[in-house]
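predicted coordinates and the sequence they were generated for:
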Amino acid sequence: RRGLLLAVPFFAGFGAFMFVYALITQDRLGWSPLVAGLALAPLAAAFLLASLLMPRLVARFGRTVITAGALLQLAGLVGLIGSLSAVWPAVGAADLVAAFAVIGLGQGLVMPALVRIVLSEVPVEEAGVGSGALTTTQQVSLAVGVAVLGSLFVALAPAARLGALHAADLVL
């Protein structure tokens with residue numbers, strides 16, 4: 001249960017981040033969806049690397065790997081803010097590489113370790129229920145993150161920063 005509670009802010013934050021990233025890169029910066037997606041490649045590559053290293057790290061350091069991963073992710077987000085602040089509004093995909101790599105390393109340590117640790121404590125006969133609860137928590141958290149934090153961002157961001165995008169555009 002504690003692992004599921006820890007998963008909620010992680011996945012909600014990730015969902016909101018990806019939503020806001022798409023808004024800023026495609027609407028404000030005018031990047032194509034392909035360029036915006038390719039700019040995330042360092043994050044994905046670092047995630048893959050960290051997730052491959054994670055089993056050995058968890059075996060050696062235990063649950064502290066999740067804390068270390070969360071701190072790495074936070075450092076990457078702070079670096080991303082710094083990078084964006086330094087070059088805004090002339091942001092290029094290359095300006096995001098280092099920060100996205102650090103974010104990806106952090107996420108690659110947190111998510112697989114969280115899933116591993118949460119499910120490792122579920123009795124074998126309850127594995128299906130545990131896996132379903134974790135997957136449901138992940139999906140609901142992603143959706144809530146986009147809905148709540150994404151809508152909050154759109155409502156609070158000055159129209160000048162998001163071009164023609166307005167909160168009313170999100171209403172279905």
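Received, thanks. On a predicted model such as this, the values are computed, not experimentally measured, just so you know.

now Ala68: how far from Leu57?
8 Å (CB to CB, to the nearest Å). Every residue, glycine included, has its C-beta placed from N, CA and C.

shared neighbours, those two?
Leu109 (CB atoms under 8 Å, 6 or more residues apart in numbering).

okay but Ile117 is in contact with Ala59, surely?
No. Taking CB atoms under 8 Å as the definition, Ile117 is not a contact partner of Ala59, at 11.7 Å.

compare neighbour counts for those two and give me the winner.
Shown here are Ile117 and Ala59; by other CB atoms under 10 Å, Ile117 has more neighbours (17 against 9).

tell me who's in contact with the more buried one.
Gly3, Val58, Arg63, Ile66.

measure it to Tyr21 for me?
From Ile117 to Tyr21 the distance is 28 Å (CB to CB).

host element of the nearest residue to Glu121 once chain neighbours are set aside?
Using CB to CB, 6 or more residues apart in numbering and skipping the chain neighbours, the partner closest in space to Glu121 is Gly3 (7.6 Å). According to DSSP states H and E, Gly3 maps onto helix 2-22.

re earlier: now, which of the contacts of Ile117 sits nearest Val110?
If you rank those by distance to Val110 using CB to CB, Ile66 comes first, at 5.5 Å.

let me know the pLDDT of the nearest residue to Thr25 once chain neighbours are set aside.
Closest residue in space to Thr25, ignoring its immediate chain neighbours: Ala36 at 4.1 Å, by CB to CB, 6+ apart. Listed pLDDT for Ala36 reads 96.

same deal with Ala168?
42.

surely the residue nearest to Glu121 and Arg116 touch.
No. Using CB under 8 Å as the test, Gly3 is too far from Arg116 to be in contact (9.8 Å).
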